[in-house]
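> the following block contains a protein sequence and its predicted model.
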2 protein chains.
Amino acid sequence: MIKLSKMTDYGVVIMSEMARLPGRTMTAPDVSLHTGLPVPTAAKILRILAKSPFLTSHRGAHGGYQLTYAPEDISIAEIVRAMEGPVAVTSCVDDSVEDCSVQSCCPMRGGWEKINRALNTALEDVTLADMCDDTKNVMTERRGAESLSPASQLQAE
Amino acid sequence: MIKLSKMTDYGVVIMSEMARLPGRTMTAPDVSLHTGLPVPTAAKILRILAKSPFLTSHRGAHGGYQLTYAPEDISIAEIVRAMEGPVAVTSCVDDSVEDCSVQSCCPMRGGWEKINRALNTALEDVTLADMCDDTKNVMTERRGAESLSPASQLQAE
DNA sequence: TGAAAACAGACCATTTTAGTACGATATAGA
DNA sequence: TCTATATCGTACTAAAATGGTCTGTTTTCA
């Protein structure tokens, strides 16, 4: 199974939570409360995400984190890249060129590149707004979803 | 970085090597010789791949492995599935349903499903024939590529 | 019957990942 | 200017996944 790491998964969950009220500033404890993630973990992920342009941090009292852009302008691709670096399915096609000893004449390169392009396009195509759009999902209730963590069993187990 | 496991990468390399002469029967040591992989590792991967319909095994003396179908009829998706199970980018959307505590009302589900569909389509679209098609790559020379391992540094280091 | 091959599974070492902790730094407000 | 409240950065530990090897069994051909 091809999987994103849990951290990346959490990253998307956190960003989705923030996107529910886009203007809002949230601290790490706030995020922890809304997602069920332990505070240190939430803090760590927020720190990583804040290195990217789409999440702004403010230090000091009354500080916290805030979305820089509207949810519909932030793609899942950007979040994944922030958490894991460039998105590619094989080491053959990513940034570290010397991984592949026959890189310059590798016949498989073309095939992998095609696959990677498709994956990237798919990730670019889905935005935060898509992710937390209640209207697309019949049974969701605002207050019910509030303190739950959508992508994984965060507090269970 | 989203990555396939090395094993899966090797799996594609091995299958590509077998696809170069589709009728051929190869033993694990043969494969090892052509790819640079250690024999036990090649054997292990062949064993896994042979559980799938596209690779047939024959036991006993003069046994070995053989492609069941033509290279253009075997997609990368099938190889990846043979090595890693169902292809999905999050635990949210794969077969193990209980992973997601709010599965039935998770608003993010739709987004992930879209991404997974695109990835699957991309993997289905590329076949073994595409992977080892020399004509698509200017500089490849048959004898040169023969004993090299395209996707990773298998014998280096 | 013996050699050659796949098969099955257990096993260990290494790497990666998740999660925590602690000290440093910045900022708002009294 | 002091203090409370944040982020920031890094180092560390524990647990899980992964890669890779080994040993023994079964099958088949000559």
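Looks like it arrived, so ask away.
> hey, where'd the strands end up in chain A?
A:55-58, A:64-67 (DSSP state E).
> which one of these is the most hemmed in?
strand A:64-67 (a mean of 20; mean count of other Cβ atoms under 10 Å in any protein chain shown). All C-beta atoms are positioned from the backbone trio N, CA, C, and that covers glycine.
> that one and DNA strand D, any residue contact?
Yes. Judged by Cβ under 7 Å from any atom of the strand, strand A:64-67 and DNA strand D are in contact via A:64, A:65.
> gap between that strand and the chain center?
15 Å (Cα atoms, centre = their mean, to the nearest Å).
> tell me where the model's unsure across chain A.
A:1, A:90-107, A:134-157 (pLDDT under 70).
> helices along that one, start to end?
Using DSSP state H, the helices of chain A run over A:6-19, A:28-35, A:39-49, A:76-84, A:109-125, A:128-131, A:142-146.
> can you tell if the fourth one touches chain B?
Which is helix A:76-84. Yes. Using Cβ under 8 Å from any Cβ of the partner chain, helix A:76-84 reaches chain B at A:76, A:80, A:84.
> quick one: contacts for residue A:55?
By Cβ atoms under 8 Å, 6 or more residues apart in numbering or on different chains, the contact set of residue A:55 is A:15, A:18, A:46, A:49, A:65, A:66, A:67, A:68.
> tell me which of the residues you listed is nearest to residue A:121?
Nearest to residue A:121 among the contacts of residue A:55, counting by Cβ to Cβ, is residue A:15 at 19.9 Å.
> in CSV, list the helices of chain A along with mean neighbour count.
Listed next are these as CSV, based on neighbours: other Cβ atoms under 10 Å in any protein chain shown:
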stretch, mean neighbour count
helix A:6-19, 23
helix A:28-35, 19
helix A:39-49, 18
helix A:76-84, 21
helix A:109-125, 19
helix A:128-131, 23
helix A:142-146, 12
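> would you format those as JSON lines with distance to DNA strand C included?
Formatted as JSON lines, the helices of chain A follow (distance: least, Cβ to the nearest atom of the strand, whole Å):
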{"stretch": "helix A:6-19", "distance to DNA strand C": "3"}
{"stretch": "helix A:28-35", "distance to DNA strand C": "10"}
{"stretch": "helix A:39-49", "distance to DNA strand C": "4"}
{"stretch": "helix A:76-84", "distance to DNA strand C": "8"}
{"stretch": "helix A:109-125", "distance to DNA strand C": "17"}
{"stretch": "helix A:128-131", "distance to DNA strand C": "19"}
{"stretch": "helix A:142-146", "distance to DNA strand C": "21"}
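> how about these, which one is nearest residue B:120?
helix A:109-125 (9.6 Å).
> surely residue A:14 meets residue A:36?
No. In this structure, residue A:14 is not within contact of residue A:36 by Cβ atoms under 8 Å, at 11.0 Å.
> residues from chain A in reach of DNA strand D?
Counting by Cβ under 7 Å from any atom of the strand, chain A sits next to DNA strand D at A:27-29, A:43-44, A:46-47, A:50-51, A:57-65.
> what about 10 Å?
A:1-3, A:6, A:25-32, A:39-40, A:42-44, A:46-51, A:55-65, A:157 (Cβ under 10 Å from any atom of the strand).
> quick one: which of the helices of chain A is nearest residue B:108?
Nearest of the helices of chain A to residue B:108, taken as Cβ to Cβ: helix A:128-131 at 4.7 Å.
> please name every helix or strand in contact with the closest one.
helix A:6-19, helix A:76-84, helix B:109-125 (3 or more Cβ pairs under 8 Å, 6 or more residues apart in numbering or on different chains; DSSP states H and E).
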